[in-house]
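Colleague: From the sequence below, what's the structure:
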Amino acid sequence: MEQVSGGFTVDLRRLTVLRELERRGSLARTAEALHLTPSAVSQQLAALAREVGVPLTERDGRGVRLTGQARVLLAHAELIAAQLERARADLAAYGEGGRGQVRIGCFGSGILGLLPPVLRALAERLPRVRVDVTEGEPPDVFTALDAGRLDVVVAVDFAAAPPHTDRRYTRTDLLTDVLDLALPVDHPLAARDRVPLRELACEPWVVGAAGSCCGAVARAVCAAAGFTPDIRHAVNDWGALLALVEAGAGVALVPRLVRPLYADRRLAVVPVAGRPPSRNVFAALRAGAEGDPVLAAVREQLLAAAG
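Modeller: Numbers count the residues shown, from 1 in each chain. I've put the predicted structure just below:
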């Protein structure tokens, strides 16, 4: 392959494919995330390699892995994407900054417990801006953010979320969402002021699916308490989870963001003894987009609602 020339150009859409391959780790998962075929992903990567004149992938068993040159290019891709977002933000700020559309991706309990006051405030503050909300979790919401299908992401820190050091995003920590124990109303521990998590190690549990935010956090909290929960029911819908607890089918950890769902149910919600388990909720924009006046307003209202 030829060495990089002084005047090469790069198709930014192909850089997006390379960035997604870095995140997903395989051609098949990259293709699924970008709604392409694995063959199309391979073709895009091959075309990008021809553009820059260096190999970007190499065989790794039945799959591929990124070359050192690909990681060098990715470091520049982050800077290029951020600069383009700054240009877009400057153009938006040049105008009124009070019209258009903003698309927010958010996890389910965040939509329930955080977004309603944000949407009301934005409707009053920016009446000519259309706000669309899509439920989703990492890594899918970040794929959509990278592709421009979302403008703001509200997410929870867990294994599938990008690290704090990821330069592709401007990140704002919003709140610490404490997790309490949900118990059947007639459970022997329901009348306690606080319950050590370890005392429920032998109970049946209601937990979200392993790959979901709620499932991953609950499993991690139990592991930190020194036990693996006996998961009898795996559901991602908080209303369904609470209904199972109310029916006596098990115990569960519930975030305070879903408090409106259990206010009128016949179950006990008890704090965990000791340092309460919690999850960190944050908002993310594409790096460079923080100067966009509409997105700045969304971030301000998210912080206000979180406070």
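Colleague: isn't residue 189 right next to residue 197, touching?
Modeller: No. Between residue 189 and residue 197 there is no contact, the gap being 10.9 Å when judged by CB atoms under 8 Å. C-beta: built from backbone N, CA, C; applies to glycine.
Colleague: Just the C-alpha atoms of stretch 53-63, please, in PDB.
Modeller: The C-alpha trace of stretch 53-63 is given here as PDB (Å, rounded to 0.1, in the frame of the first residue of the first chain):
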ATOM      1  CA  GLY A  53      -2.700   4.900   2.000                       C
ATOM      2  CA  VAL A  54      -2.100   2.700   5.100                       C
ATOM      3  CA  PRO A  55      -3.700  -0.500   6.400                       C
ATOM      4  CA  LEU A  56      -6.400   0.000   9.000                       C
ATOM      5  CA  THR A  57      -7.400  -3.500   9.900                       C
ATOM      6  CA  GLU A  58      -5.700  -6.900  10.100                       C
ATOM      7  CA  ARG A  59      -6.900 -10.400  10.500                       C
ATOM      8  CA  ASP A  60      -7.500 -11.700  14.000                       C
ATOM      9  CA  GLY A  61      -8.700 -15.300  13.800                       C
ATOM     10  CA  ARG A  62     -12.100 -15.100  12.100                       C
ATOM     11  CA  GLY A  63     -12.400 -11.400  12.800                       C
END
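Colleague: Longest strand in this structure, by number of residues?
Modeller: strand 169-184 (DSSP state E).
Colleague: State the next helix or strand along the chain beyond it.
Modeller: strand 204-207 (DSSP states H and E).
Colleague: Paired strands for the longest strand of the chain, with orientation please.
Modeller: strand 252-255 (antiparallel), strand 267-270 (antiparallel), strand 278-286 (antiparallel) (DSSP bridges).
Colleague: and residue 77, which of the ones you listed is closest to it?
Modeller: Closest of the strands paired with strand 169-184 to residue 77 is strand 278-286, at 12.3 Å (criterion: CB to CB).
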